[in-house]
Structures are given as C-alpha cells and as structure tokens.
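Participant: Got a sequence here, can you build the structure:
(chains A, B and C)
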Amino acid sequence: MKYLVLRIFQSSCLLVGVSLLSFIFIELSPGDFFDEMKLNPQISSETLVQLRRQYGMDQPFAVRYIHWLKSVAHGELGFSFAYNAPVAPLLRSRARNTLLLAGSATLMAWLIALPWGILSAEKHGKWFDSGSSLLTSILLATPDVLLALGLLLFAVRTRFLPTGGMMSLAAENRGRWTETKDISIHLLGPVIVLALISLPTLLRHIRAAMIEALASPCVRAARAHGIGRSRILLRHAFPVAMNPLISLFGLSLGSLLSASLLIEVVMSWPGLGPLLLESILARDVYVIIGAVMFASFTLVSGMLLGDVLLIGADPRIRTEGLL
Amino acid sequence: MPDARKPLLEVRGLCKIHRQGRWWERRFQVRALHNVDLTLDAGSTLALVGESGSGKTTLAMCLMGLERPDAGDIRFNGESLREQGRCERARNIQLLFQDSAGALNPGMSAREIIEEPLLILGKEKGGPRRGRVSKAMEQVGLPASWSHRRPYQLSGGQRQRLAIARALVVEPRLLILDEALAGLDLSIQGQISNLLLDLQAAHGLSYLYISHNLALVTQFADEMVVLHKGQVTKRLIASEMIVTSKEPAALAGMSMAARALGAHAGTGAP
Amino acid sequence: MKLSKKITAMLIFIGALHLAALFAGFFAPYDFAQQDRNMLYSAPTPLHFSDVQGRWHLQPSVCALIDNSEGNGFYSEDREKCKPVRWWVQGSRYELLGHFQSTWHLFGVDSPNRIFLLGSDGYGRDVFSRLLYGSQISLFAGFLATALTLTMGALLGTMAGYYGGWIDAAIMRCVEIFLALPWLYLLFAIRAFLPLHISPSRAFLLLIIVIGAVGWARPARLIRGVVLSGKERGYCLAAKGFGASDFYLMRRHLLPQTYSVLLTQAALLIPQYILAEVTLSFLGLGVGEPVASWGNMLGTLQQYDVLVSYWWMWAPGIAVIPVFFCYQLLGNALQQRARCSA
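Facilitator: Numbers count the residues shown, from 1 in each chain, chains lettered A, B, ... in the order given. The predicted structure is shown next:
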C-alpha cells in the first residue's frame, strides 16, 4: 500500500515536471498566436498589444504558469484563443474518442497477438513460426502512414468501411443502438490499422516470453509429470510469461498513443490528433499544452496500472516486498 | 633512503563508515573500520586476516586511495599519504585483486595491460617503456611471445601473473594482495606464492597479504593482524601462528581444515 | 569491436544505400524541381524495346505522350515520336556534397520526350528523380538525428553513471520526464513551438535537432547502466590506483564498453527517426516544397483523387519498406550478438 502511495506521488511530480517542460518550450519559442494577425493590415499594432494584455500573454513566465496551474485546479486547463473557450471541454470529447480508439486497438491487438504468439512459441522453429516471423518483419518495416493510406484506399474501393469521421449524418439522433453500430463501423478502420501497427512488437515479445517460459524448469517438470499440452501452455507457462508482458503493456502505451495521433489525422477520426495539429498550425498554445498533458497523464496512469497489475499477477513481488 | 628502523607503512586510528540508503537515514551506517592501527616494515610480509565483512578490503581501498578514510592517518615512509599525489602513491603502493579476470580489461592485449600504468604515469617514452614491459613479463614467467594475447586466452594462474607484472612495472615498494591467491587451483597457488616470494627476495618488496584463508597466510607472513568487525583484535608474529582449539572467537570463521593445517605451520615463516 | 561477416555485409549494404543517395543528382534524370506543365500526373512512361516497325533493339526508347482530348488527365502514346534512352547524358546542373557541381546524369532522353520511370506528380515533376532526392533528406535526417541522440545520450548517461550523486539524480529525473511523454506528442510539442514557415534547408536542420533531442532519454539510461557496472570492475579500480584521471577512465575503459549498446540502439533508432521525418513532413510540419522528401511526397496522397487514381505516387511509401527491413535485420543481428557475448 505504501508503495502505491509513493508511486502516485512520484507520478504526480512527473506530470508537474512535464507541464513545466512544456511551458519552458513556449518560453523559448519565437512568436505566438497573435503573430498571424500581424499579417492582416486592418488590425493595428495597438489592438495586438491590447489583445496580448487581455489574454495575459505579456506577463512573465512564472505568473503565466501559476495562472495556468490555478486554471487546472478549476478544471479548465487554460484558454483556447482559436475557439475562444476554455480548453478542458474541448479536450473532453476529443480525449474520449482517442481513448476509445486506443483502447479498442489495444484489445484487438492483444486478442490477436496472444494466441498467435503462444502458438508460435510452441511451434518454435517450424514453418508456422518462421512464416509468422517473416510476416511480422515485413509488417514492422511498413510505415504507419502507408498502412493508414492503404486502408483508406481499401475503404474507398470496396466501400466495406467508411472513409473517415466518427458518425455518418444518417445515423445521428436515431437512437442508441443505431448510433453505436454506426460508431463501431467507423471505428473499425482506424482500429485495424492501429492494431496492425502494434502487432509486430507485441507478437515478438509474447513469443519470446513464452519460449523462455516453456524452457523454464517448472514447465519441464510439468511435462515430465505427463501433464497435457494445453494445460501446460495455459496453466504453467503462461503465468510465468505474464510478468514481462505486463511490463510490456506499460511500455507499449507510449508508442500506441503516438501512433494513434497520426492515424486519427489521416483517417479523420475526431480525437486529440487533429485537434493538436490544428492548434500547432494556429499556435493555440494552451490547447497544445492541454493535449500534451493529457497524453502524458494517460501514459503515466497506464504505467502505474501496469505496476499494480504486476503486483497482483506476480505473487513473488507481493511476498518479497518491493524494491 | 628507507630508514631501516622506521616502518615502511604506518596506519594510526583509521576509521571508515559506509553509508547506504538515503543520507538522512542513520540506520544504514555501517562501521567498516574503527581505530585500526598497523605497521609494516620494509621487506616483510604482513598478513591481514578476518572473516568476510571484517573490513579488510576497505582497508586496502583506503591504502590505495580508492576510498577516503573518515579519520586517522596513513604514513608511507614517514610521509602522510594524504599529502602525496595520486601518482606518487601509485609509484609506491600497488594492489592485486582476487578476481584476475575482472581486474584485466578483456579488450586489451597483455602488452597493453602491462603498459597502461606507465602510460598513465607518463614515465617513459616508447622504447624504454617496451623494455620495461618485456622485463616485467620475464620476471613473472610469461613468455614474450604472449604479449599479444588477451586475458580470455590465458588461464587463471597466467592471468594472475599478468596482473602481478602490471603491478610490478611501476616498481612499487609495497604490494597489497587482496585475496590474490583465492580461487586458484592448489598447485597454481603454490607456483604463484613461490613467484611472489622470489620477487620479494629479489626486489625487497613488502607485502600486505589480505585473506580469510589461514593456511595460505601462515606459509608466507612474518606478522599477522586479525580484523573483526572493523577492529583489530589480535596481533601475532610468525612463531605465534599456531592455531589450537583454545583460540578465542576472534579467529572463528576459519575452516576446520585451515585450523588443522595451521597447527603445523608455526615453523613456516620465510 | 569485432563484427560477424553477416553484420559487416549489412553495414556495407546500408552504406552503399547512403552513398547512392548522396549521388542522387547523378542517378536522377531530372532535377527535383523541374516541372513540365504539360504532363501532370502522367503514369510511368513505358519503355519500348521494339520500334514502330517491330524490330528489336537493345536500347529502350521512350515515346512522346499526348494528353487525351477529354482532359481527364490520362495520356496515350504517340508511337511516331519515339526517341532512344541514352546513357551518360548531360542534363540539369546539380551539386554533389554541397561543393562540386556537375551536369552528368546516368541516363536521359532528349526533349520533348520525357522518361518518367515512376510517373509524374501534380506539377509535372519526375517522381523517380524526386524519390532519389527525397532519399537524401529522409535517410540522412534519420541518420544525423540518431547521431545527435546517441551523442547526447552517451554524454549524459556516462556523466550520470560515473559521477553518481546529485548529478545522477538530476539527470535521471529529466530522463523520467522525457519518457513520460509519448514520443510523437513530444516531437509535436517541440515542433509546435518553433517557427512554422521556414525555408526547406533550415527546416531540415531544425528537424534533425528536434528529432534528435527528443529521444536521448532511453539511450542515456542504458549507457548509465553500462557505466555503473563498468566503473566497479577491477581494471577500472586498478587504473584508478595507478592515478588515472576520470577522463582517462571514461575514454579508455568505459566508453569502449558502450559501443555495442550504441550500435544496437543506432540500428533501432535510425528507422524510427526516418519515420519521424516522414510523418512530420507528411503533415506539413517538416521539410516543405519544393524540396522533395519522402514525407511530403506522400502528403499528396491525402487528396482523394491522388489516393485512388495515381498508384505511382505511392512509390516513396513502398521504397521505405526495404530500407526498414534491412535495418531490422541489422538490429536483430546486433541484439543477437550482444546477447551471446553477455
């Protein structure tokens, strides 16, 4: 329990550190939101000065940071210049969509990778294993962008999947069930792409962990006892392999979030990705910070969750005490 | 010139505390050495014995300047070691480790290993340096044709010879042997001990031999100091080094066999 | 550091690839910005080994294309106007390594015929030439950014591992903060706070610095581990006993141990960084027009009609696959080697 509290404290410090880092980047960067307006001859420079003062952009670094922290405490996360609204509500729906995408993709990836990896490990060295290795190598060598574009092409040509967005107009306000079905079919494309992106590394690690587990003395003993193949796989080898896999989950979260950023933009899924890109092009500073903080928060929570799961899954950690 | 009456090495009141954990946590302080006194005369061998954790290696590290003592004074030939520079100290005192494989960089050849101290101390130019390296190899009984071999191509005994050559190439006055013979086969131990004795006779070296193996120690040492939990508990000279079952707990931790061997070793001082 | 034949072979192959990229100007028949407004989005020009009379020639020839009068952007050949492909032609001027100028090209065709091996893009520029010039940008961005990351990581990791204490604590906290952000978000954040509209050459440099500065954390942690375990080894203590300075120890004993880790990390990071450049340029945040980069070439695929109709525009994306595959094989071989010697 004490360990958990310590970790939560550490994670919060980490998030504060991340926010500080982001603010330092703004501090070091030339230009801001209002620079675009400078190009417009109709807007005088006095107006710009006024606007800057209004939004507090002329304040020193420390003051702006403290204001932002206060705003976070109020649940607002700063103010968006482009949308003329607080950042938090903007993020909320987008963040929800991103989590939906990332969560579903993780689920799909693990559902495919687990049985495939376990089977590969068992048939280590045979043609199934070698074939899978080759396939995953080629998949790993394919850039994410290409996979996303490929799926879009497929969607356009075959019309099996919608080509973007989250919901079609026809399905709006038609009742819960229709909406859910509609969202699901729109979700399918991006989820498939994200799952394909995460699959190679996942498969590799699962296979490696299972191979090691199958070679361990306790499994050999079980085999010597004459215990059947599937029981060995599931009840003896797999729990041993779980330990590194749970750590893998925490670590792979970062790359998953990064990949989802790109996929959302390419496939027009209304998540954090398009919002972030838009804000970058518009230099809407607080939205950028908000989105980055949210991503960081998700990653840190994911890693924390991984640690907690590890404590639950590996009894050795529980009894030996934690390092 | 070394004064024959003055000891080569004098250690007075040496104290060292190891701190583990966070600096504000007091409970992790371990007293490695407490008020240790010892003297070593030129040309003689002092054995430092004690069980694991008694502070022997810490003492060696302090003498080598690899760790800083918290209190006390170390004098080499009358001068305080603290006032001497690293290079000065290196020219006088050298250290041999137990794990010869770990003590030698696996990526370097024998020649490079022996040459290294000369390079660091910046003593010689290319020609004389090579001469000293060859001489060192010869002294320890390694053929000159092996100068290109790497440590993994040598056996345990040969590696230890290489380490001795490296230590000798700077012509030190004192050699600290930190369990240098442990981990070798018995016959190799004999060979290396003989080599060390020969070198001592030829160059007037002094040895500080650290060990927890009583049998080996009694073969070579003139004097023996026993360390227990960082403190000196016993001093013996050669003729007193007969271990009987009546010896107090300070010598506990030695193997039965060593004790039995020691019973016959009283006459073995060189 | 000894390397097996397999690894050396792969390194040579990758080196050859980069060398070919450097000589892009020679291999490419056209300049990357050379436009032909009459031939927008033309498919790859077919090479004919037989002429109009049906006779076979060793030298292929290329026929002129005419725009179909319907104006739907598709071209058909005019078999009357064919010209042979010639080798060692003089063509547009280009620069080698920023210093030497040359006009020699490997192959070409006399105007007005065009040899578009991979078709042309929306401005009538040769995709094959742009692919080659683009490889300069994309491959070298990855390579140079990796060099930057590994230098930073090695420096900070060695300092943290060697000196310990508060230096170690401070560097490790920074490492944790950098690792608490998904890398693409971090990349975007840093890119966001830099000027958006900059010249392509400046953008290239900026991209290298940004991508390189983002990823130092993981290598730094690995190097720190190597240095921590290395500095306690007997030979380091012995060298210290001889009076060696910190700098000597780091240079002579500790750094050589890190080479293996650095090489393995390089094989992993270079493809990641090439991908980062491609992603950023794809989204318009990287190297911009008119300079070709595989990223900004793929960016045009975001338009519906390009995506669906002009298959040759996918070339940069396909070209990446063998490069990454090669780096993957290299990375696997290096990891295998590291595991075996451990």
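
Participant: make it CA atoms for all contacts and neighbour counts henceforth
Facilitator: Will do.

Participant: how about the helices in chain A?
Facilitator: In chain A, the segments counted as helices under DSSP state H are A:2-28, A:35-38, A:45-54, A:61-73, A:87-122, A:127-141, A:144-158, A:176-215, A:217-224, A:229-231, A:238-266, A:272-282, A:285-313, A:315-320.

Participant: what would these look like in JSON lines with mean neighbour count?
Facilitator: Shown next, in JSON lines, are the helices of chain A (neighbours: other C-alpha atoms under 10 Å in any protein chain shown):
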{"stretch": "helix A:2-28", "mean neighbour count": "15"}
{"stretch": "helix A:35-38", "mean neighbour count": "13"}
{"stretch": "helix A:45-54", "mean neighbour count": "12"}
{"stretch": "helix A:61-73", "mean neighbour count": "14"}
{"stretch": "helix A:87-122", "mean neighbour count": "19"}
{"stretch": "helix A:127-141", "mean neighbour count": "16"}
{"stretch": "helix A:144-158", "mean neighbour count": "18"}
{"stretch": "helix A:176-215", "mean neighbour count": "20"}
{"stretch": "helix A:217-224", "mean neighbour count": "14"}
{"stretch": "helix A:229-231", "mean neighbour count": "11"}
{"stretch": "helix A:238-266", "mean neighbour count": "20"}
{"stretch": "helix A:272-282", "mean neighbour count": "21"}
{"stretch": "helix A:285-313", "mean neighbour count": "20"}
{"stretch": "helix A:315-320", "mean neighbour count": "11"}
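
Participant: In CSV: those, plus mean pLDDT and distance to B:L14.
Facilitator: Shown next, in CSV, are the helices of chain A (pLDDT from 0 to 100; distance: least, C-alpha to C-alpha, whole Å):
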stretch, mean pLDDT, distance to B:L14
helix A:2-28, 82, 40
helix A:35-38, 62, 69
helix A:45-54, 72, 67
helix A:61-73, 80, 51
helix A:87-122, 89, 59
helix A:127-141, 91, 61
helix A:144-158, 89, 65
helix A:176-215, 88, 50
helix A:217-224, 81, 50
helix A:229-231, 74, 63
helix A:238-266, 85, 47
helix A:272-282, 87, 64
helix A:285-313, 85, 46
helix A:315-320, 62, 38
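
Participant: Out of those, which is closest to chain B?
Facilitator: helix A:2-28 (15.6 Å; C-alpha to the nearest C-alpha).

Participant: Briefly note if the closest one comes near chain B.
Facilitator: No. Helix A:2-28 stays clear of chain B (C-alpha under 8 Å from any C-alpha of the partner chain), getting no nearer than 15.6 Å.

Participant: sorry, back to before: output the helices of chain A in TSV; the columns should cover distance to C:K5.
Facilitator: Shown next, in TSV, are the helices of chain A (distance: least, C-alpha to C-alpha, whole Å):
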stretch	distance to C:K5
helix A:2-28	45
helix A:35-38	57
helix A:45-54	63
helix A:61-73	56
helix A:87-122	29
helix A:127-141	22
helix A:144-158	32
helix A:176-215	25
helix A:217-224	35
helix A:229-231	40
helix A:238-266	33
helix A:272-282	44
helix A:285-313	40
helix A:315-320	43
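
Participant: so which of these gets nearest C:F116?
Facilitator: helix A:144-158 (22.8 Å; C-alpha to C-alpha).

Participant: Go ahead and produce CSV holding the CA coordinates of the closest one.
Facilitator: Backbone C-alpha positions of helix A:144-158 (Å, rounded to 0.1, in the frame of the first residue of the first chain) are rendered in CSV as follows:
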residue,chain,number,x,y,z
ASP,A,144,2.3,3.6,-40.3
VAL,A,145,1.3,6.2,-42.8
LEU,A,146,1.3,3.7,-45.6
LEU,A,147,-0.9,1.3,-43.6
ALA,A,148,-3.4,4.1,-42.9
LEU,A,149,-3.5,5.2,-46.5
GLY,A,150,-3.8,1.6,-47.6
LEU,A,151,-6.8,1.1,-45.5
LEU,A,152,-8.3,4.3,-46.8
LEU,A,153,-7.8,3.1,-50.4
PHE,A,154,-9.4,-0.2,-49.5
ALA,A,155,-12.4,1.6,-47.9
VAL,A,156,-12.8,3.8,-51.0
ARG,A,157,-12.6,0.9,-53.5
THR,A,158,-14.7,-1.7,-51.7
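
Participant: what about the stretch 151-270 of chain B, any weak spots by pLDDT?
Facilitator: For the stretch 151-270 of chain B, applying pLDDT under 70 flags the ranges B:239-270.

Participant: Up against chain A, what does it have?
Facilitator: Counting by C-alpha under 8 Å from any C-alpha, the stretch 151-270 of chain B has no residue next to chain A.

Participant: tell me the contacts of B:I192?
Facilitator: By C-alpha atoms under 8 Å, 6 or more residues apart in numbering or on different chains, B:I192 lies in contact with B:G157, B:R161, B:L181.

Participant: What residues does the first one make contact with?
Facilitator: Under the criterion of C-alpha under 8 Å, 6+ apart, the contact partners of B:G157 comprise B:L184, B:I188, B:Q189, B:I192.

Participant: give me that answer again for 7 Å
Facilitator: B:L184, B:I188 (C-alpha atoms under 7 Å, 6 or more residues apart in numbering or on different chains).

Participant: where's the residue of the stretch 51-200 of chain C found nearest chain B relative to chain A, distance?
Facilitator: Across the stretch 51-200 of chain C, no residue is closer to chain B than C:G165, which sits at 10.7 Å (C-alpha to the nearest C-alpha). Distance, C:G165 to chain A, using C-alpha to the nearest C-alpha, to the nearest Å: 19 Å.

Participant: before we move on, what about C:V227?
Facilitator: 22 Å.

Participant: Give me the nearest residue to that residue, chain neighbours excluded.
Facilitator: Excluding the flanking residues, the one nearest C:V227 by C-alpha to C-alpha, 6 or more residues apart in numbering or on different chains is C:G161, at 5.3 Å.

Participant: so how far is the helix or strand harbouring the one you found from its chain's centroid?
Facilitator: Take DSSP states H and E as the rule and C:G161 turns out to sit in helix C:127-163. Taking C-alpha atoms, centre = their mean, to the nearest Å, one finds helix C:127-163 lying 10 Å from the centre of the chain it belongs to.
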